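Q: Sequence first, then the predicted structure, then my questions.
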Amino acid sequence: MNRQYNEHDSTQVQPARDAAAQLNVQLNNAITAARSTNAPLHSTLLLRMVESLRNPEDTTYNDLWKGAITIDTITRTPIRVHDTAGSITHWQGTIRTSGGGQEFSAPFHGEYRDGAAAELDAKVDHTIEQLLDGVPFAAIQQTNARGVRLALAERLGFDSRYFGLPTCPDPRLVRIASRLAVDPDRNVDTVAVDLGEPVDVVARVLAQLASGRPTWKRLVESEVEIAA
């Protein structure tokens, strides 16, 4: 029995052991080479993964992201912005990935608003477009007009208590007033030239924008020639 075992060991087992040892050496050499050559490649891949986040339709690295991202905390808090209710969700997490003998770890955070408060920015954008076209604020089809008016005043840099633009009923004056409002310099001469309006009319409109008691009707009916 011992003789048969020795023969079997020498003819089959030992060669297999030698081959396994040789393969193990080759594997270790390959791992060492990969660590030295793939490190920069892995860094490049990481940059490509990050760059892919710019395009929400890019799914190239989805599987890698799913395995690398860990969400640590999620909190949701009620908010009220310009008398408008909503909520804000905050999250924090960590991106962890490794390769080429290196490990990468980066914290991240973000937030998301929902509810009526989250709609204010888009509504203000729409309102400004309408005003620039000469549509009076009261004539704009919208919901939450009060919240929009408050947000509009803040966006344009006016005190909401003394913001005359939303009360202007005349399309021509609305056009002049909104053009002045979006101009950081409130430059009367520039707006007058751009709109082809008399400088004195534009100057009077500017005075109404920050007036606590705007007198648009008086301006329309004044001796100043403002008829088109």
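A: Right, received. Where do you want to start?
Q: now stretch 112-131: how far from the chain's centre is it?
A: How far stretch 112-131 lies from its chain's middle: 14 Å, per CA atoms, centre = their mean, to the nearest Å.
Q: That one spans what distance, first to last residue?
A: One end of stretch 112-131 sits 29 Å from the other (CA to CA, to the nearest Å).
Q: any idea how far residue 162 is from residue 118?
A: 28 Å (CB to CB, to the nearest Å). Any C-beta I mention is one placed from the backbone N, CA and C, and that applies to glycine too.
Q: got it, and residue 131?
A: Using CB to CB, one gets 22 Å for the distance from residue 131 to residue 118.
Q: between these two, who's got more neighbours?
A: Legend: neighbour count by other CB atoms under 10 Å for residue 131 and residue 118, higher for residue 131 (25 against 16).
Q: Could I get the buried residue list for the host helix or strand of the more buried one?
A: If you go by DSSP states H and E, residue 131 is part of helix 120-132. Neighbour-count burial for helix 120-132 flags 120, 123-124, 127-128, 130-131 (criterion: 16 or more other CB atoms under 10 Å).
Q: Beyond it, next helix or strand please.
A: Defined by DSSP H and E, the subsequent element after helix 120-132 is helix 145-156.
Q: same question for that next one, mean pLDDT?
A: Averaged across helix 145-156, the pLDDT comes to 95.
Q: One more: stretch 48-55?
A: Averaging pLDDT along stretch 48-55 yields 80.
Q: quick one: buried residues of it?
A: Result for stretch 48-55 [16+ other CB under 10 Å]: buried residues 49, 52.
Q: now swap in stretch 188-205 and tell me
A: Under the neighbour-count criterion of 16+ other CB under 10 Å, stretch 188-205 has 188, 191-192, 197, 201-202, 204-205 buried.
Q: tell me which of those is nearest to residue 54?
A: Using CB to CB, residue 191 is the member of those that lies nearest residue 54, at 37.1 Å.
Q: Next one: the closest one relative to residue 111, how far apart?
A: From residue 191 to residue 111 the distance is 37 Å (CB to CB).
Q: same question, residue 182
A: Distance of residue 182 to residue 111, given as CB to CB: 28 Å.
Q: Can you pick out the residue with more neighbours from those two?
A: Between residue 182 and residue 111, counting by other CB under 10 Å, residue 182 is the more crowded of the two (15 against 10).
Q: quick one: contacts for the more buried one?
A: Contact analysis of residue 182 by CB atoms under 8 Å, 6 or more residues apart in numbering lists 128, 132, 156.
Q: I'd like these written out as a markdown table, with distance to residue 149 added.
A: Formatted as a markdown table, the contacts of residue 182 follow (distance: CB to CB, whole Å):
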| residue | distance to residue 149 |
| --- | --- |
| 128 | 12 |
| 132 | 16 |
| 156 | 11 |
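Q: Local confidence estimate at the residue nearest to residue 212 when sequence neighbours are not counted?
A: Excluding its sequence neighbours, the residue lying closest to residue 212 (CB to CB, 6 or more residues apart in numbering) is residue 162, at 4.5 Å. Listed pLDDT for residue 162 reads 85.
Q: Count the neighbours of residue 162 for me.
A: Neighbours of residue 162 using other CB under 10 Å come to 13.
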